[in-house]
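S.K.: Requesting a structural model of the entry that follows:
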Amino acid sequence: MEGLKWSELAARYEQLARKTERLTAEIETCEAYLKAMLDFTYKHGAKYPMATVDEIVKAVHAVESDRRQHLLNVRFEKSPLTACLNGGEKTDSRKPLL
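M.R.: Predicted structure coming up:
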């Protein structure tokens with residue numbers, strides 16, 4: 001982080017914070033749709049070919065997994081920025097900054 005201005009660090013942190021919010025919302029959407037699909041399958045699954053249902057559920061799960069990996073990468077990038085912006089001080093562990 002050496003050589004970067006505080007304003008540049010803060011701007012990058014804000015960009016990563018917005019990405020974190022977007023990815024979290026996308027993950028929550030995937031979770032909700034997976035739950036809805038599983039509930040629907042429980043109630044009406046016998047009407048549909050299970051191989052097709054399986055493919056659909058796995059496709060949504062793959063999207064969720066991709067978003068989780070991306071979120072991990074964003075949090076990893078955000079961690080040292082958080083430390084720099086906090087002056088390198090340790091913060092209260094009960095208040096996650098990520």
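S.K.: Contact partners for residue 33?
M.R.: Neighbour list for residue 33: residue 60 [criterion: CB atoms under 8 Å, 6 or more residues apart in numbering]. Where C-beta positions appear, they are placed from N, C-alpha and C, glycine not excepted.
S.K.: Helix or strand next in line after the host helix or strand of it, which one?
M.R.: Using DSSP states H and E, residue 33 falls within helix 6-44. Later in the chain than helix 6-44, the nearest helix or strand by DSSP H and E is helix 50-85.
S.K.: And that next one, what's buried?
M.R.: By neighbour count on 16 or more other CB atoms under 10 Å, the buried set for helix 50-85 is 53, 60, 63-64, 67, 70-71, 74-75, 78, 81-82, 84-85.
S.K.: farthest-separated two in those?
M.R.: The distance between the two most remote of the buried residues of helix 50-85 (CB to CB) is 47.8 Å, for 53 and 84.
S.K.: quick one: residue 50 and residue 40, what's the gap?
M.R.: 13 Å (CB to CB, to the nearest Å).
S.K.: Quick check: neighbours shared by the two?
M.R.: Counting by CB under 8 Å, 6+ apart, residue 50 and residue 40 have no contacts in common.
S.K.: low-scoring pLDDT stretches of the protein, where are they?
M.R.: Applying pLDDT under 70 to the chain flags residues 1-4, 88-98.
S.K.: picking up where we left off before, any idea of the angle the helix holding residue 33 forms with helix 50-85?
M.R.: 160 degrees (axes from the mean of the first three to the mean of the last three CA atoms, to 10 degrees).
S.K.: How far does helix 6-44 sit from its chain's centre?
M.R.: Computed by CA atoms, centre = their mean, to the nearest Å, the chain-centroid distance of helix 6-44 equals 5 Å.
S.K.: mind listing what's buried in that helix?
M.R.: So for helix 6-44, counting by 16+ other CB under 10 Å, buried means 9, 12-13, 16-17, 19-20, 23, 26-27, 30, 34, 37, 41.
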